[in-house]
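Novice: dropping a prediction and its sequence here:
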Amino acid sequence: MRIATHNVNSIRTRVDRVVDWLQRSNTDVLAMQEIKCKPEQFPYKQFEDAGYAITAHGLDQWNGVAFASRIAIEDVEIGFSGMPSFGKEGKPQVEEARAIAGTFNGVRLWSLYVPNGRTLEDPHYTYKLEWLDRLASNVAEWVEHEPDLPFALMGDFNIAPFEYDVWNIDDFAGATHVSEPERQAFEAFEQIGLRDVVRERIPTGYTYWDYQQLRFPRDEGMRIDFILGSEPFAERVSNAVIDRNERKGEAPSDHVPVVVDIAD
DNA sequence: ATGCCTTCTGCAAGAAGA
């Protein structure tokens, strides 16, 4: 089974590219982030014509997560236990569309869009850390109560865990994505027992390049998209790819797909 | 060439991304 994660940065803008890639790459299950639409706005037909069923969760033009799959999906879950809400001061607090899960051939997958954080002083940064902490609590319970379950967290973590995961660490002084609390929040998943199954095979390389300032031609990117697998999941991984070519061409997403193969 | 940012809403310009 070939599974992948991709922050698509608007599925309505990117649908032709994404469906074309799904078919070319022979991917069975794709976890998407930043679909930027409600379910009723999702471009289902192009996916269905290509043989992929969609399970989508989106509240408005922001965030939004989904699966495209040609394997039956079971036990769909929206959000996780204790997931924090967010809203600007004086605005209603909302459980944003940043997490969806499904089980495919007995493999449980999460499509996750971790909050950005904005700046170290912003309430969004506190929200990001709480969101990750609550997620880790859930993961710890799954590992403890279902040690044989193959599962993976897939998505845009908005954290660059190592210095070499950004092109020039000096440009990130005082910025989000590289702060110590964020990196500790990322490490926590590995301490619970998850493995970065892509890093094990591809130690360096970016998954995101900003649209601005020629970041891609200069190869000034960030590694912020990950697949973190439970031990039973990691043992089944046979191959990994960061599909850097997908950053090229007309109207690409600023993120590229990250792919793993797991034994059936 | 891999090229100087892009998406959303809604009609202008602001919010958001990282």
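Specialist: Thanks, I have it. Numbers count the residues shown, from 1 in each chain, chains lettered A, B, ... in the order given.

Novice: quick one: contacts for the spatially most central residue of chain A?
Specialist: The residue lying closest to the centre of chain A (CA atoms, centre = their mean) is A:Gly155, at 0.9 Å. The neighbourhood of A:Gly155, defined by CB atoms under 8 Å, 6 or more residues apart in numbering, consists of A:Thr5, A:Asn7, A:Ala31, A:Gln33, A:Val65, A:Trp110, A:Ser111, A:Leu112, A:Tyr113, A:Val114, A:Asp225, A:Phe226. Just so you know, the C-beta spots here come from the backbone N, C-alpha and C atoms, and that holds for glycine as well.

Novice: can you flag the buried ones in those residues?
Specialist: A:Thr5, A:Asn7, A:Ala31, A:Gln33, A:Val65, A:Trp110, A:Ser111, A:Leu112, A:Tyr113, A:Val114, A:Asp225, A:Phe226 (16 or more other CB atoms under 10 Å).

Novice: what subset of those is also close to DNA strand B?
Specialist: A:Asn7 (CB under 7 Å from any atom of the strand).

Novice: export the buried ones among the contacts of A:Gly155 to a markdown table and tack on pLDDT?
Specialist: Shown next, in a markdown table, are the buried ones among the contacts of A:Gly155 (pLDDT from 0 to 100):
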| residue | pLDDT |
| --- | --- |
| A:Thr5 | 98 |
| A:Asn7 | 98 |
| A:Ala31 | 98 |
| A:Gln33 | 98 |
| A:Val65 | 98 |
| A:Trp110 | 98 |
| A:Ser111 | 98 |
| A:Leu112 | 98 |
| A:Tyr113 | 98 |
| A:Val114 | 98 |
| A:Asp225 | 98 |
| A:Phe226 | 98 |
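
Novice: picking that back up, what about the residue nearest to the centre of chain A, distance to A:Pro123?
Specialist: Per CB to CB, to the nearest Å, A:Gly155 is found 22 Å from A:Pro123.

Novice: which positions in the stretch 51-200 of chain A make contact with DNA strand B?
Specialist: Near DNA strand B, when you scan the stretch 51-200 of chain A using CB under 7 Å from any atom of the strand, you find A:Gln61, A:Trp62, A:Lys88, A:Pro115, A:Asn116, A:Arg118, A:His124, A:Asp156, A:Asn158, A:Thr176, A:His177.

Novice: out of these, which two sit at the greatest distance?
Specialist: A:Gln61 and A:His177 (22.9 Å; CB to CB).

Novice: quick one, which of those two is more surrounded?
Specialist: Comparing A:Gln61 with A:His177 by neighbour count (other CB atoms under 10 Å), the higher total belongs to A:His177, at 20 against 11.

Novice: doesn't A:Gly117 make contact with that one?
Specialist: Yes - contact criterion CB atoms under 8 Å: A:His177 and A:Gly117 qualify, at 7.2 Å.

Novice: what sits in contact with each of those two?
Specialist: A:Asn158.

Novice: turn the buried ones among the contacts of A:Gly155 into JSON lines, including secondary structure.
Specialist: Listed next are the buried ones among the contacts of A:Gly155 as JSON lines, based on DSSP: H, G, I helix; E, B strand; the rest coil:
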{"residue": "A:Thr5", "secondary structure": "strand"}
{"residue": "A:Asn7", "secondary structure": "strand"}
{"residue": "A:Ala31", "secondary structure": "strand"}
{"residue": "A:Gln33", "secondary structure": "strand"}
{"residue": "A:Val65", "secondary structure": "strand"}
{"residue": "A:Trp110", "secondary structure": "strand"}
{"residue": "A:Ser111", "secondary structure": "strand"}
{"residue": "A:Leu112", "secondary structure": "strand"}
{"residue": "A:Tyr113", "secondary structure": "strand"}
{"residue": "A:Val114", "secondary structure": "coil"}
{"residue": "A:Asp225", "secondary structure": "strand"}
{"residue": "A:Phe226", "secondary structure": "strand"}
